[in-house]
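Trainee: okay, predicted coordinates and the sequence, questions at the end:
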Amino acid sequence: MKLGLRAEKHRIRQEMLARRLAIPNDIRHRADAAMVSRFVNLASFRFAEVLLLYAPIQGEPSLLAVCETAQKLGKAIAFPKCDPETNTMQYHLVPSIEALRVGAYGILEPEEQADIYHPHPDKHDICVVPAVCYDRNGYRIGYGKGYYDRYLSGFGGTTVGLTMHEFLLPTLPRGRFDRSVDLVITEKGVFTPQ
């Protein structure tokens, strides 16, 4: 990645994180509830067998409320486990969010012995991709390590990004390895990238 692009992404990341962390909890919780409602009403959610979720950090939208709904509907849930030495991750299936433990980067993760999720091209699974912010083309600014871009190169299901509407920007800088998501959900609607 070019130095100028990396510096610009870093600047946007810092600015957006500061803005996101300044949002009052009551506003954040209302937005999260609206996003969760939109997410569970997607046709792709209805047909998904496995939901690849994340444990939220630094004010990210929380989908933890989805876990119970998904399991009542017979869907499996999986969370990523990061390997900081290789900057790669694998998803592991978990019975509930109570099975998560603090792991790399202080993020809740599955334990090592949890079953590994293997993507299958014939299944309609969903991966919810965290971000600091998204743009209307479905590209994002993440945390700069490239875990998700690497993982998504081998994932054939539907990819979804969640962000508060004020963090859905017209366009963001991107490199050749950056991957866009199929849908972006905000508290105001579901957007198909342009």
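Mentor: Arrived safely. Residues are numbered from 1 along each chain as shown.
Trainee: next, the contact list for the residue most central in space within the chain, please.
Mentor: The centre of the chain sits closest to residue 129, judged by C-alpha atoms, centre = their mean, with a distance of 2.2 Å. Contact analysis of residue 129 by C-beta atoms under 8 Å, 6 or more residues apart in numbering lists 140, 148, 152, 159-161, 181. Just so you know, the C-beta spots here come from the backbone N, C-alpha and C atoms, and that holds for glycine as well.
Trainee: same thing but 6 Å
Mentor: For residue 129, the contacting residues are 148, 159, 161, 181, taking C-beta atoms under 6 Å, 6 or more residues apart in numbering as the criterion.
Trainee: just checking, which of those belong to strands?
Mentor: Secondary structure assignment by DSSP state E places 159, 161 of the contacts of residue 129 in strands.
Trainee: returning to that earlier point: from residue 7, how far out is the residue nearest to the centre of the chain?
Mentor: Distance from residue 129 to residue 7, counting by C-beta to C-beta, to the nearest Å: 23 Å.
Trainee: equivalent analysis for residue 99, please.
Mentor: In this view, residue 99 and residue 7 are 39 Å apart by C-beta to C-beta.
Trainee: compare the two (neighbour count), which wins?
Mentor: The residue with more neighbours, out of residue 99 and residue 7 and counting by other C-beta atoms under 10 Å, is residue 99; that gives 16 against 12.
Trainee: now the more buried one: phi and psi?
Mentor: The phi and psi values for residue 99, taken as degrees, to the nearest 10, are phi -80, psi 0.
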